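Colleague: Fold the following and give me the result.
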Amino acid sequence: MVSTFVTYANITRDLAQSLKRVHAQPQVQRESEYYLENIEKVKSIEEFIGNDRLFRYAMKAFGLEDMSYAKAFMVKVLEGGVDDSDSFANQLSDTKYRKFAEAFNFKQFGENTTIFERTRQGTVDRFVRQTLEEDAGTQNEGVRLALYFERKAPDIESFYSVLADNALSKVVRTALSLPDSFALLDVDKQVEIFERTVDIEDFKDPEALGEFLTRFTSLWEIQNPTSSSSLPGISVLFGQPAEYGISTDILLTMQQLKR
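Modeller: Residues are numbered from 1 along each chain as shown. Predicted structure coming up:
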């Protein structure tokens, strides 16, 4: 099998072409066409939730496919909207619910909700990207994590939001060679160590983000080898900037925290 680093690099080298190949898959194309042909006919939350095919498509597009069964829960998400800071969607730690409620903001726009680009082609684009990541994950979970992090990185404003997302935090811990037990530390201490090791602004810089994800995919391959000979990324690792390593003082801090 091809290594994590090489697979990720092959997909992102021409991401537009990779997405086009996914969109051309018969199942994806069929479901996307149905969605675009029918979503604008939906005029209420009840109609949206009641059309299981449309609803499941939209839920997958926003990374919420596993919650498609929880229709009463999602009705509550949609009914509260996002304008009120105390709304149900805004109170949930997983920001995907807020994004979903923003796209399908029936509370604010009523029967006009589904005429907007974000509910039409914007949702289709999300569905295709989500499918790309899931397809990659069936072969290599590290590739899926890297693609997910790359997609989310520009919107990361603090390491607290990283810790609120299991996938994002796993990428950062892996890239910094931190054990899973690191997640048991006090949240503020975790953030403090992240901030001392990584400049969060690097996630908004494509070149710096590329270097970070090169390190992640290479270290993931070391920890989860696709084959006994699939470690070409090791040589890349040692060429990465020192700021992406864990310094001695941070290791000592971790030891003190454990005690």
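
Colleague: Could you use CA atoms for every contact and neighbour count after this?
Modeller: OK.

Colleague: which residues of the stretch 151-259 of the chain score low on pLDDT?
Modeller: Across the stretch 151-259 of the chain, the ranges flagged by pLDDT under 70 are 227-259.

Colleague: wait, I meant the stretch 1-150 of the chain
Modeller: In the prediction, the stretch 1-150 of the chain carries residues with pLDDT under 70 at positions 1.

Colleague: Show me the domain layout of this protein.
Modeller: According to the domain assignment given by automatic domain parsing, the chain is divided into the following structural domains: 4-124, 149-258.

Colleague: which residues does the most centrally placed residue in the chain contact?
Modeller: Nearest to the centroid of the C-alpha atoms of the chain, with distances taken as C-alpha atoms, centre = their mean, sits residue 148, at 3.6 Å. By C-alpha atoms under 8 Å, 6 or more residues apart in numbering, the residues touching residue 148 are 133, 167, 168.

Colleague: Please repeat the previous calculation with a cut-off of 10 Å.
Modeller: Taking C-alpha atoms under 10 Å, 6 or more residues apart in numbering as the criterion, residue 148 is in contact with 129, 130, 133, 134, 142, 167, 168, 171.

Colleague: Near the last one, how many other residues are there?
Modeller: Translated: residue 171. Neighbours of residue 171 under the rule other C-alpha atoms under 10 Å: 23.

Colleague: Can you tell me the element it falls in?
Modeller: helix 166-175 (DSSP states H and E).

Colleague: in that helix, what's buried?
Modeller: Within helix 166-175, the residues that qualify as buried are 168, 169, 170, 171, 172, 173, 174, 175, counting by 16 or more other C-alpha atoms under 10 Å.

Colleague: same question, stretch 182-202
Modeller: Judged by neighbour count (16+ other C-alpha under 10 Å), stretch 182-202 contains these buried residues: 183, 190, 191, 193, 194, 197, 198, 200, 202.
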